[in-house]
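Colleague: model this:
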Amino acid sequence: MLDHLNPTHIMSIFHRICDFGGRLSGTKSEADALAYVRHFLDALPGGDLRLHDVDYDGWSSSECWIDIKGCCHEVFALPRGGSLPSNGVSLQVIDAGRGTIEELDALGPALAGKAVVVTHEFMFAADHVHRMKKIDCAERHGAAAFVISNPDPATGRVSGGIRGSLAGFGVSHATRMSLRQAADTDEHVHFHLDSKIEKTRTQTIDWCIAGSDPAFVEQEIIISAHLDGHESSENAMDNASGVAVALAIERELSDLDAIPCTVRALIFSAEEFGLCGSETYVAALPPR
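Modeller: Numbers count the residues shown, from 1 in each chain. This next block holds a predicted model:
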């Protein structure tokens with residue numbers, strides 16, 4: 001059946017989701033995309049649509065920039081990171097290269113009290129080091145701020161969720177070069193980031209179509225994807241593509257007279273904020 005999925009239909013759904021924008025949790029972009037998915041699944045015949053509330057610690061940032069030698073650089077505040085005093089802080093910068101654990105550990109005490117700059121990485125490379133590991137290591141060594149830069153000069157600032165108390169900044173390759181110059185000359189750089197955490201609610205969208213074969217009554221096939229993303233792009237790969245495929249499969253199933261096994265589609269949000277949607281859903285399931 002999946003061999004016959006219409007690529008045109010999948011791409012239509014995919015582009016529609018991307019057009020909502022970054023879909024950062026707690027924003028209008030996320031809310032509009034969730035509404036689209038709800039209406040899409042609710043219009044399919046033969047299925048049962050349910051919505052599960054997800055309460056989580058939401059995060060937002062109102063102001064974020066870096067001032068280098070009087071020049072203000074536009075940056076992204078990394079979601080779920082810490083905040084800085086209202087007037088910002090002036091820090092020395094240390095460039096940690098790629099920011100592998102070995103590189104950060106080698107710098108060790110030199111990181112204390114400084115803004116640490118590392119490089120963003122392609123997530124599917126065999127030697128990939130996730131930004132969470134980098135910031136955890138930087139915080140362990142006493143860094144005062146965390147900066148992750150785009151290795152590509154052509155594509156602007158980067159973003160990505162973090163955790164912990166460090167204020168996190170996503171910057172472009174050009175800003176990285178300016179920070180590196182400041183690090184080489186031991187100049188102080190002014191960092192400004194205002195963020196807050198407050199209770200927020202989103203939803204998990206749960207659409208199920210029942211199987212007809214008694215032999216499979218105890219079984220379900222589950223198709224899941226997450227809708228939320230970051231503000232720096234349309235988050236096409238992570239994860240508009242997954243949501244588009246899930247919705248296309250459900251539409252195909254709804255056109256069939258019967259299917260042997262129950263199939264459930266779960267579209268989560270607040271996943272980039274620490275897998276909140278899926279964790280809440282699983283925690284509410286009965287043990288069986």
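
Colleague: Let's see the pLDDT reported for the closest residue in space to residue 41 that isn't next to it in sequence.
Modeller: Setting aside the residues directly before and after it, residue 41 is nearest to residue 207 in space (CB to CB, 6 or more residues apart in numbering), at 4.2 Å. C-beta: built from backbone N, CA, C; applies to glycine. With respect to pLDDT, residue 207 scores 97.

Colleague: Report the secondary structure state of residue 207.
Modeller: Under DSSP: H, G, I helix; E, B strand; the rest coil, the three-state class of residue 207 is strand.

Colleague: That one and residue 214: what is the separation?
Modeller: According to CB to CB, to the nearest Å, residue 207 stands 23 Å off from residue 214.

Colleague: okay, the two: which has more neighbours?
Modeller: residue 207 (26 against 8; other CB atoms under 10 Å).

Colleague: so who does the more buried one touch?
Modeller: Going by CB atoms under 8 Å, 6 or more residues apart in numbering, residue 207 touches 41, 44, 47, 48, 49, 50, 250, 264, 265, 267.

Colleague: mind saving the C-alpha coords of the host helix or strand of the fifth one as PDB?
Modeller: Element membership for residue 49, per DSSP states H and E: strand 48-68. Output in PDB follows, covering the C-alpha atoms of strand 48-68 (Å, rounded to 0.1, in the frame of the first residue of the first chain):
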ATOM      1  CA  ASP A  48     -11.200   8.600  15.700                       C
ATOM      2  CA  LEU A  49      -9.500  11.900  16.600                       C
ATOM      3  CA  ARG A  50      -8.500  12.700  20.100                       C
ATOM      4  CA  LEU A  51      -6.500  15.500  21.600                       C
ATOM      5  CA  HIS A  52      -4.200  15.100  24.700                       C
ATOM      6  CA  ASP A  53      -3.200  18.200  26.600                       C
ATOM      7  CA  VAL A  54       0.500  18.600  27.400                       C
ATOM      8  CA  ASP A  55       1.600  20.900  30.200                       C
ATOM      9  CA  TYR A  56       5.300  21.800  30.200                       C
ATOM     10  CA  ASP A  57       7.800  24.500  31.100                       C
ATOM     11  CA  GLY A  58       7.600  26.800  28.200                       C
ATOM     12  CA  TRP A  59      10.400  29.100  27.200                       C
ATOM     13  CA  SER A  60      10.500  32.400  25.400                       C
ATOM     14  CA  SER A  61      13.000  35.200  24.700                       C
ATOM     15  CA  SER A  62      12.200  38.800  24.100                       C
ATOM     16  CA  GLU A  63      15.700  40.300  23.500                       C
ATOM     17  CA  CYS A  64      19.000  38.700  22.300                       C
ATOM     18  CA  TRP A  65      22.100  40.200  20.700                       C
ATOM     19  CA  ILE A  66      25.900  40.300  20.900                       C
ATOM     20  CA  ASP A  67      27.800  43.600  20.800                       C
ATOM     21  CA  ILE A  68      31.400  43.300  19.400                       C
END
